[in-house]
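>>> have a look at this fold, sequence not included:
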């Protein structure tokens, strides 16, 4: 039996959620929530938390003042992989022009998710 | 020197200015000029590379630059004129109702412009160290959170390695995560108030995710170091927000980030003679987002500081439509000004409303009244009264100063009060 504490992000109330897990890591009980969104959030956050990772890397050959291009993972990656994604991006620099949605790095950190540009840089 | 004439000039090419320009165009106005002091359009969104923008507007989660690009595309598709790298230095209103704008840039030198309607969309700036009373030298390594954000995301520099953050505004929280991802160690985030000014989501995903402690009711009492920050001392504060002796804790660090509030940037508005609110530090506006100077409108963070850009876009949309309507009636009638408008009275912990006063005749279908409360309030009702009669009520589990609230005033309810004398919004137990 394991027990985890979370803060719900569903609304400004920010309920303190108590999540009980069995030996296999399955959720047995959620308490502390004041609405169904809290339970849904707790189950996801405890069993398979994910995040979109955003960062920026250098560009070269730009005709403008831009030195960096911002980017994001095209979809959620497991929370445990966030730092691996960032490590994979270290030292990456990309040639201009770059368009929003251009793939800058494929299958980042073995997640199966691509990293894409979030700004046009000419 | 000849003055360039436009029907509408918009000062600021950030989210508010861009949205206002497109909305005015879509309302039929074609003579529009947007003035932006930065090289790029998009304003603060350019450095907000994190996601979470656009859930309301586009029903998808975008990063700041992506959200900005949507509105820049709207501007380009409509062929709306803009000048970047252009700084407005003064604005005035003539007796004929025309507004005069003086601006400077490298290509044109001094530009004198004239317009019928003006939209103020200059945004806000961060409170700086000078606004806090922290003793110590003036070493390098003290940045506002937004400056650090620009350095990391746009310039590509990491401003420090060991970081303490004072203030838990959203930019500070976002930078706690950003600096951590870029290899810095964020030691602590100290907040003077007993609650955070930031969104819950940011506290969880920017602090909790990286085990960065949030110390509520704490402040920085000393900054150490002469050339560069070498450490800061944090102490707990009492209910009077004064440091409690004996609670001091020392943190060795090279950087202090300040996320201690945003101030609407209204030097131009004040120069123009616009009436200001002492609560929001923004202009006082009516239901059309028109200021006390007829034909001058305001939207976005220059009006009141927002948490979500989606609300800025929506608000600016109204300012754009109102400006277009003002221009089309410019020669026909003189504006009514704000004399016969009904002020919105508030009680129960509401600090202000935008708009502050209403002409019921000018509301098409509904008006969204936005407001903030001054402290955390639990299990309340927000009730809108028209002439003392309940017109709208909504239950709120919790309201916090960091999260903007809203209530709708509908045309349907207004029609039931043809001789409306008073509008009141109350926060009640319940």
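Yep, that arrived. Just so it is clear, the model here is predicted, and its values are computed rather than measured. Numbering: from 1, shown residues only, chains lettered A, B, ... in the order given.

>>> any idea how far chain A is from the most far-flung residue of chain B relative to its centre?
Distance to the chain centre peaks in chain B at residue B:246, reaching 37.8 Å (criterion: CA atoms, centre = their mean). With the distance defined as CB to the nearest CB, to the nearest Å, residue B:246 ends up 29 Å from chain A. No exception for glycine: its C-beta is placed from N, CA and C like everyone else's.

>>> OK, contacts around residue A:16?
Shown in contact with residue A:16 (CB atoms under 8 Å, 6 or more residues apart in numbering or on different chains): A:5-8, A:32.

>>> re the thing from before, element containing the residue farthest from the centre of chain B, please.
Under DSSP states H and E, no helix or strand contains residue B:246.

>>> check what pLDDT it gets.
At residue B:246 the predicted local confidence, pLDDT, stands at 96.

>>> where does it fall, phi/psi-wise?
Per-residue torsions, residue B:246: phi 90, psi -10 (degrees, to the nearest 10).

>>> longest helix of the chain?
Picked chain A for this. Counting by DSSP state H, the longest helix found in chain A is helix A:36-47.

>>> my bad, chain B
Longest helix in chain B, counting residues (DSSP H): helix B:309-328.

>>> same question for that helix, mean pLDDT?
96.

>>> got the residues of the stretch 1-150 of chain B near chain A?
B:39-40, B:46, B:49-51, B:61-66, B:69 (CB under 8 Å from any CB of the partner chain).

>>> any low-confidence regions in chain A?
Filtered on pLDDT under 70, chain A yields the residue ranges A:12.

>>> how near is the spatially most distant residue from the centre of it to chain B?
Relative to the centre of chain A, and counting by CA atoms, centre = their mean, the farthest-placed residue is residue A:63 at 31.3 Å. Going from residue A:63 to chain B by CB to the nearest CB gives 12 Å.

>>> checking my notes, that residue in a strand, right?
No: looking at residue A:63 with DSSP: H, G, I helix; E, B strand; the rest coil, it is coil, so not inside a strand.

>>> may I ask which helix or strand encompasses residue B:202?
Using DSSP H and E, the element containing residue B:202 is helix B:200-202.

>>> so which bits of that helix are buried?
Judged by neighbour count (16 or more other CB atoms under 10 Å in any protein chain shown), helix B:200-202 contains these buried residues: B:200-202.

>>> ok, stretch B:420-430 next?
Judged by neighbour count using 16+ other CB under 10 Å, the buried positions of stretch B:420-430 are B:423-427.

>>> and the lowest-mean-pLDDT helix or strand in chain B, anywhere near chain A?
Within chain B, no helix or strand scores below helix B:200-202, which has a mean of 86 by mean pLDDT, DSSP states H and E. Yes: among the residues of helix B:200-202, B:200-201 lie within reach of chain A under CB under 8 Å from any CB.

>>> partners of the helix or strand that that helix is followed by in the sheet?
Going down the chain from helix B:200-202, the next helix or strand is strand B:214-216, by DSSP H and E. Using DSSP bridges, strand B:214-216 pairs in its sheet with strand B:185-191 (parallel).

>>> near chain B, which residues of chain A are found?
A:6-9, A:11-14, A:34, A:51-56, A:58, A:64-68, A:70-72, A:79, A:82-83, A:86, A:100, A:118-120.

>>> kindly give a single ChimeraX line that selects the buried subset of these.
Provided next is the ChimeraX selection string for whichever of the residues of chain A next to chain B are buried by 16+ other CB under 10 Å:
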select /A:6,7,8,9,11,12,13,14,51,52,53,54,55,56,66,67,68,70,71,72,82,86,100,118,119,120
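
>>> filter the residues of chain A next to chain B down to the ones in strands?
A:6-7, A:51, A:54-56, A:58, A:68, A:70-72 (DSSP state E).

>>> can you pull out the low-pLDDT segments for chain B?
Using pLDDT under 70, chain B drops low at B:1-2, B:331-339.

>>> break it down into its domains, please.
Chain B breaks down into these domains under automatic domain parsing: B:1-126+B:261-339, B:128-260, B:341-430.

>>> would JSON lines of those domains with distance to residue A:44 be doable?
What follows is these, written out as JSON lines (distance: least, CB to CB, whole Å):
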{"stretch": "domain B:1-126+B:261-339", "distance to residue A:44": "16"}
{"stretch": "domain B:128-260", "distance to residue A:44": "13"}
{"stretch": "domain B:341-430", "distance to residue A:44": "22"}
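
>>> for residue A:20, find the nearest of those.
Among the domains of chain B, domain B:128-260 comes nearest to residue A:20, with 19.5 Å by CB to CB.

>>> follow-up on the earlier one: just the buried positions in the very next helix or strand once past the longest helix of chain B, please.
As assigned by DSSP H and E, the chain's next helix or strand after helix B:309-328 is strand B:342-347. Within strand B:342-347, the residues that count as buried by 16+ other CB under 10 Å are B:342-344, B:346.

>>> and for stretch A:98-109?
The neighbour-count check on stretch A:98-109 (16+ other CB under 10 Å) flags A:98, A:100, A:102, A:104-105, A:108-109 as buried.

>>> list of residues touching it?
A:57, A:59, A:69, A:71, A:73-74, A:77, A:81, A:84-85, A:87-89, A:92, A:94, A:113-121, B:65-66, B:69.

>>> now do the end-to-end distance for it.
The first and last residues of stretch A:98-109 sit 22 Å apart, counting by CA to CA, to the nearest Å.

>>> so what's residue 33 up against?
Going with chain A. A:8, A:15, A:17, A:39, A:42.

>>> other chain: chain B
By CB under 8 Å, 6+ apart, the neighbours of residue B:33 are B:6, B:8-10, B:81-83, B:113, B:115.

>>> export these to JSON lines and tack on neighbour count, secondary structure and distance to residue B:327?
Below are the contacts of residue B:33 laid out as JSON lines (neighbours: other CB atoms under 10 Å in any protein chain shown; DSSP: H, G, I helix; E, B strand; the rest coil; distance: CB to CB, whole Å):
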{"residue": "B:6", "neighbour count": "21", "secondary structure": "strand", "distance to residue B:327": "10"}
{"residue": "B:8", "neighbour count": "28", "secondary structure": "strand", "distance to residue B:327": "6"}
{"residue": "B:9", "neighbour count": "26", "secondary structure": "strand", "distance to residue B:327": "11"}
{"residue": "B:10", "neighbour count": "33", "secondary structure": "strand", "distance to residue B:327": "13"}
{"residue": "B:81", "neighbour count": "12", "secondary structure": "strand", "distance to residue B:327": "16"}
{"residue": "B:82", "neighbour count": "19", "secondary structure": "strand", "distance to residue B:327": "18"}
{"residue": "B:83", "neighbour count": "17", "secondary structure": "strand", "distance to residue B:327": "20"}
{"residue": "B:113", "neighbour count": "20", "secondary structure": "strand", "distance to residue B:327": "15"}
{"residue": "B:115", "neighbour count": "26", "secondary structure": "strand", "distance to residue B:327": "9"}
